[in-house]
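**Student:** With the sequence up front, the predicted model follows.
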Amino acid sequence: MIELLIFVGALLVLMAIGLPVVVAIGVTSFIALMATGAGDLPVELLSLKMVQTLNNFTLLAIPLFILAANIMNIGSTTTRIFDFATALIGFTKGGLGHANVVASSIFATMSGTAVADAAGLGSIEIKAMKERGYELGYSTGITAASSVIGPILPPSIALVVYGWLAHVSIGGLFMAGLLPGILMALLLMGMTVLLDATGKVVMPKPIPFDACEAVRTGKRAVLPLIMPAIIVGGIWGGFFTPTEAGAIASLYAIILGGLIYRDLKWRDLFKAFNRTLMFSSVILLIIAVSSFYGWILVRMGIPQALAGQVASMDMPMFALLLCFALFFLLIGCFMSVIESILIFTPIVVPAALSAGLDPVHFGIVMVITLSVGVITPPFGTVLFLMVSITRLRYSQVVISILPFLLPIIATILLLIAVPGLATWLPDTMGF
């Protein structure tokens, strides 16, 4: 355990002093390599390990789904989705808050990340809610909180990375994220009802339900709404793999924006490819270097030792998983979801398996708890995005999100207490 503390501690210190994550991981790995007496191994081993890691069909899903999200963020697709959600549920008390959650849930099945969700829909949702008389603090809080659904519902980039590292079916993980994602959406909507009932937030008068408007906006949004059905249905039916689903989603987004809606210009497509290239390059470089990090961990025997320690603990499954969740909540406050998964999966998954935890259930808990970090201080990326959209102070944004942390934490606790929320669907579908 001393080796684990030194190994992880050195990495966190290097990151704390400002080194880029990929450099910190690489330096820590080389220090550990020398400390194990393996300094005579060729330096070329690092590059060979990196190339071997990236030569993986599964990892193609990452840039492909990022590309699909970037294309969807251009043009009228996000507006069509929000308009339909508003017409569908906007007539209820706090209707635009509910529409916010519904739209984020729909867009999550296209984007796969919290930041893409907040960036794509955030400004549209907050502008619409402001025009209808909603308090800016409430609008900011529900918009930021609903973005956490992004990494849970398929096609989650975080679940792709976890599945690849933990050798778990990515299709199974996608199915496992459906019920927890829907549960979180319902609890967030329930918090809106509670805030209204207790008078904590004054909700504007709801707009009357207009069946004609619901049909009109539904027709405008029907083609974007088909994409989630294609992704989930195709993987479920065995027509294509999650990686192939990413390619199909990207092609569908291009056809939708370029040929049908005609609001995707060549320069916009170039920007989408450029953003995808930049973001994917960062993620894949970290993945490549992290593979060497994981190899060093195994060579030092750290995962095996930790697994033995956890297996020998006399602790109920619920309590053990709760301890893991608290650890991930803390880590998520300081590191991004992808970085955390890359660094800690090789360490904690062997320990979880040795304790008898289901890898699919454990993965969903890990991704959800780490994802909370996007809306918590000090480094929550969605917090800074909300500051730029709303022009509120950072402290005001943080305060506006606090009530919505309760339904998210409740989702995590229910998921820990009832593993079937994650495992029932993939088991039923044969994953």
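**Tutor:** Everything's here; your move.
**Student:** Rounded mean pLDDT for whatever helix or strand G97 lives in, please.
**Tutor:** Element membership for G97, per DSSP states H and E: helix 95-111. Averaging pLDDT along helix 95-111 yields 85.
**Student:** cool, stretch 151-170 as well?
**Tutor:** 89.
**Student:** same thing with stretch 174-184?
**Tutor:** If you average the pLDDT over stretch 174-184, you get 94.
**Student:** what does stretch 353-373 give?
**Tutor:** Mean per-residue pLDDT for stretch 353-373: 92.
**Student:** Report the distance from that stretch to the chain centre.
**Tutor:** Taking Cα atoms, centre = their mean, to the nearest Å, one finds stretch 353-373 lying 13 Å from the centre of the chain it belongs to.
**Student:** Extract the CA atoms of that stretch and return them as PDB.
**Tutor:** Extracted C-alpha coordinates of stretch 353-373, given in PDB (Å, rounded to 0.1, in the frame of the first residue of the first chain):
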ATOM      1  CA  LEU A 353     -13.700  -7.900  -8.700                       C
ATOM      2  CA  SER A 354     -11.900  -9.600  -5.900                       C
ATOM      3  CA  ALA A 355     -14.600  -8.400  -3.500                       C
ATOM      4  CA  GLY A 356     -17.300  -9.900  -5.700                       C
ATOM      5  CA  LEU A 357     -18.600  -6.600  -7.200                       C
ATOM      6  CA  ASP A 358     -20.200  -6.800 -10.700                       C
ATOM      7  CA  PRO A 359     -17.900  -5.000 -13.200                       C
ATOM      8  CA  VAL A 360     -20.800  -3.500 -15.100                       C
ATOM      9  CA  HIS A 361     -22.600  -2.200 -11.900                       C
ATOM     10  CA  PHE A 362     -19.200  -1.000 -10.600                       C
ATOM     11  CA  GLY A 363     -18.500   0.800 -13.800                       C
ATOM     12  CA  ILE A 364     -21.800   2.700 -13.800                       C
ATOM     13  CA  VAL A 365     -21.300   3.800 -10.200                       C
ATOM     14  CA  MET A 366     -17.800   4.900 -11.000                       C
ATOM     15  CA  VAL A 367     -18.800   7.000 -14.100                       C
ATOM     16  CA  ILE A 368     -21.700   8.600 -12.400                       C
ATOM     17  CA  THR A 369     -19.800   9.600  -9.200                       C
ATOM     18  CA  LEU A 370     -16.900  10.900 -11.200                       C
ATOM     19  CA  SER A 371     -19.200  12.900 -13.500                       C
ATOM     20  CA  VAL A 372     -20.500  14.800 -10.500                       C
ATOM     21  CA  GLY A 373     -17.200  16.600 -10.600                       C
END
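**Student:** So for it, what gets flagged as buried?
**Tutor:** 353-355, 357-373 (16 or more other Cβ atoms under 10 Å). C-beta coordinates here come from the backbone N, C-alpha and C atoms, glycine included.
**Student:** what's the answer for stretch 281-292, then?
**Tutor:** Buried positions in stretch 281-292, judged by neighbour count with 16+ other Cβ under 10 Å: I283, L284, L285, I286, I287, A288, V289, S290, S291, F292.
**Student:** do stretch 320-337 as well
**Tutor:** In terms of neighbour count (16+ other Cβ under 10 Å), stretch 320-337 has its buried residues at 320-322, 324-325, 328-329, 331-332, 334-337.
**Student:** again with stretch 185-195
**Tutor:** So for stretch 185-195, counting by 16+ other Cβ under 10 Å, buried means A185, L187, L188, M189, M191, T192, L195.
**Student:** And stretch 383-402, by the same measure?
**Tutor:** Within stretch 383-402, the residues that count as buried by 16+ other Cβ under 10 Å are L383, L385, M386, V387, I389, T390, L392, Q396, V397, V398, S400, I401.
**Student:** Let's have those residues in a markdown table, adding distance to N70 and pLDDT.
**Tutor:** A markdown table is the format used below for the buried residues of stretch 383-402 (distance: Cβ to Cβ, whole Å; pLDDT from 0 to 100):
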| residue | distance to N70 | pLDDT |
| --- | --- | --- |
| L383 | 22 | 85 |
| L385 | 15 | 81 |
| M386 | 20 | 87 |
| V387 | 22 | 86 |
| I389 | 18 | 83 |
| T390 | 23 | 87 |
| L392 | 26 | 87 |
| Q396 | 30 | 91 |
| V397 | 25 | 91 |
| V398 | 28 | 90 |
| S400 | 28 | 93 |
| I401 | 26 | 94 |
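**Student:** And A118, how far from L64?
**Tutor:** 21 Å (Cβ to Cβ, to the nearest Å).
**Student:** Sorry, wrong one. I was asking about L284.
**Tutor:** Taking Cβ to Cβ, one finds L284 at 12 Å from L64.
**Student:** swap in T198?
**Tutor:** Relative to L64, and taking Cβ to Cβ, T198 is found at 44 Å.
**Student:** Identify those among the buried residues of stretch 353-373 that sit within helices.
**Tutor:** 353-354, 359-371 (DSSP state H).
**Student:** List just the nearest of the residues you listed to H167.
**Tutor:** Nearest to H167 among these, counting by Cβ to Cβ, is P359 at 8.2 Å.
**Student:** From what I see, that closest one and V348 are in contact.
**Tutor:** No: if you go by Cβ atoms under 8 Å, P359 and V348 don't touch, sitting 10.9 Å apart.
**Student:** more neighbours, T198 and L64?
**Tutor:** Ranked by neighbour count (other Cβ atoms under 10 Å), T198 and L64 place L64 first, with 24 against 8.
**Student:** wait, isn't the more buried one in contact with L251?
**Tutor:** No: using Cβ under 8 Å, L64 is not in contact with L251; the gap is 9.5 Å.
**Student:** what secondary structure does the closest residue to G177 other than its chain neighbours sit in?
**Tutor:** With sequence-adjacent residues excluded and distances taken as Cβ to Cβ, 6 or more residues apart in numbering, G177 is closest to I152, at 4.7 Å. Put simply, I152 is coil when judged by DSSP: H, G, I helix; E, B strand; the rest coil.
**Student:** Please report how far I152 lies from L159.
**Tutor:** As defined by Cβ to Cβ, I152 lies at a distance of 8 Å from L159.
**Student:** Identify the contacts common to those two.
**Tutor:** G177, I364, V367 (Cβ atoms under 8 Å, 6 or more residues apart in numbering).
**Student:** will you turn those into CSV that also has distance to P426?
**Tutor:** Shown next, in CSV, are these (distance: Cβ to Cβ, whole Å):
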residue, distance to P426
G177, 10
I364, 10
V367, 14
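**Student:** So which of those residues is the closest to V298?
**Tutor:** Distances from V298 to these, taken by Cβ to Cβ, are shortest for V367, at 22.6 Å.
**Student:** Now do the host helix or strand of L322 and helix 359-371, the angle between them.
**Tutor:** Per DSSP H and E: L322 is located in helix 317-332. For helix 317-332 against helix 359-371, the angle by axes from the mean of the first three to the mean of the last three Cα atoms, to 10 degrees is 40 degrees.
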